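K.L.:
Generate a structure from the sequence data that follows.
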Amino acid sequence: MTANSATTIRRHSARTHVGFVRKVNEDAILARPDIGLWAVSDGMGGHAAGDFASQAITELLDRLPADLDPAETMQEARKALHEAHRLIGIEANRRESGLIGATVVVLLLSEQHFMCFWVGDSRLYRLREGELEMISTDHSFVGELVEHGFLTWDEAENHPQANQITRAIGVGETLEIDKRRGDIRPGDIFLLCSDGLSKYAGLDVLRRHLLERPIDVLAEELIEIALKGGAVDNISVIVVEA
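P.N.:
The predicted structure is shown next:
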């Protein structure tokens, strides 16, 4: 990532919703177009725990200064996730109330490249020339089945162990962050979301909406898909035009 990400302000839409079942929204979202950074985090641990975890992640990322070059922003974003891991672990020990953690997916854009960091099953998709690709891979029991060719991602959503993740920020001694880097082409659209959307919207549904609807309304309309499906979980969506 060689060009300053702040030189191009990209159009985006972002929204989070508590859904119909949960009393607390344990998701948190962040949009920092000034530094070319967007993030979705999905907390776990119940009331006043999962939301603490997801907000700790987005608040630390939101502290990144605007005068960094893309390489520095990438390094500082990774440091923020490791610091969140440390703070969430401390809070879990303090509360003595069981597991506290959160998934996260982070998108960084420069003039010519994107970088994705993720932990858990919050996702990044890219629409390019009419084709939708899942950039991240779920750190989950069913994600491993998909990676080995036993399931498709759409089939995985209906698996009885679909919610069993294998990595989360704040859980375990060490934090493993996966990353993927690629180029940006004119017309690319990126979608970040928590599993509150992906369990109700398969690849075909997402692709159709990203192709046909304006950026300004996409986040709200994708939230509506989950709400019409029953929305048993919190839902978070960010759409970014590259």
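
K.L.:
now this structure, which segments are flagged as low pLDDT?
P.N.:
Where the chain drops to pLDDT under 70, the residues are 1-7, 46-48, 97, 141-151, 153-163.

K.L.:
just the strands in it please.
P.N.:
For the chain, applying DSSP state E gives strands covering 12-17, 27-32, 37-44, 101-109, 113-119, 123-128, 131-134, 178-183, 189-193, 235-241.

K.L.:
Any chance of JSON lines for those strands, columns distance to Val205?
P.N.:
C-beta coordinates here come from the backbone N, C-alpha and C atoms, glycine included. Putting those into JSON lines (distance: least, CB to CB, whole Å) gives the following:
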{"stretch": "strand 12-17", "distance to Val205": "17"}
{"stretch": "strand 27-32", "distance to Val205": "20"}
{"stretch": "strand 37-44", "distance to Val205": "18"}
{"stretch": "strand 101-109", "distance to Val205": "19"}
{"stretch": "strand 113-119", "distance to Val205": "22"}
{"stretch": "strand 123-128", "distance to Val205": "12"}
{"stretch": "strand 131-134", "distance to Val205": "10"}
{"stretch": "strand 178-183", "distance to Val205": "23"}
{"stretch": "strand 189-193", "distance to Val205": "12"}
{"stretch": "strand 235-241", "distance to Val205": "13"}
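
K.L.:
Tabulate these (CSV), appending distance to Ala71 and mean neighbour count.
P.N.:
CSV is the format used below for the strands of the chain (distance: least, CB to CB, whole Å; neighbours: other CB atoms under 10 Å):
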stretch, distance to Ala71, mean neighbour count
strand 12-17, 22, 20
strand 27-32, 16, 23
strand 37-44, 13, 28
strand 101-109, 10, 27
strand 113-119, 10, 23
strand 123-128, 20, 22
strand 131-134, 25, 14
strand 178-183, 12, 13
strand 189-193, 20, 26
strand 235-241, 20, 27
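
K.L.:
In contact with the closest residue to Val232 other than its chain neighbours, which residues?
P.N.:
With CB to CB, 6 or more residues apart in numbering as the criterion, Val232 has its nearest non-adjacent residue at 4.6 Å, and that residue is Val21. Counting by CB atoms under 8 Å, 6 or more residues apart in numbering, Val21 touches Ala231, Val232, Asp233.

K.L.:
Thanks a lot, catch you later.
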